[in-house]
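Visitor: Sequence below, structure please.
(one chain, ligands or ions: 1)
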Amino acid sequence: MRCDNCGRDATQINEMYQLCSRCYTVQYSTMNIDGKTMSIPEAFKLQLEKMGLNRKDGETVSDWSNRCQAYAKSTALGKAIP
Ligand SMILES: [Zn+2]
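Guide: Numbers count the residues shown, from 1 in each chain. You can find the predicted model right below:
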């Protein structure tokens with residue numbers, strides 16, 4: 001079966017919908033941060049903003065990705081992984 005939204009393989013299937021994991025997460029999953037319930041994409045965006053890793057105006061996806069990779073490599077975990 002295919003996702004109703006994007007056509008990827010559906011992993012969440014019931015009588016109401018068939019969705020891939022990504023589309024299900026975007027549409028239905030929530031997280032509580034500091035007493036506020038928000039969608040997973042909102043929670044990720046908030047966390048990236050707190051870390052200074054949100055995408056800047058005019059920044060290409062490639063430049064943003066490189067900046068995030070550089071940050072990850074600067075962490076203790078990133079330094080431990082070759
Ligand atoms: Zn999908």
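Visitor: Burial check on K56, number of neighbours?
Guide: Number of residues near K56 (other Cβ atoms under 10 Å) recorded here: 11. From N, CA and C alone the C-beta is placed, and that goes for glycine too.
Visitor: Contacts only, for it.
Guide: Listed by Cβ atoms under 8 Å, 6 or more residues apart in numbering, the contact set of K56 reads W64.
Visitor: Now it, what are its backbone angles?
Guide: Note on K56: its backbone torsions stand at phi -80, psi 160 [degrees, to the nearest 10].
Visitor: how far away is it from the ion?
Guide: K56 is 28 Å from the ion, where distance means Cβ to the ion, to the nearest Å.
Visitor: Quick one: the helices in the chain, in order.
Guide: 21-28, 40-50, 61-74, 76-80 (DSSP state H).
Visitor: what pLDDT, on average, does the second one get?
Guide: For helix 40-50, mean pLDDT rounds to 92.
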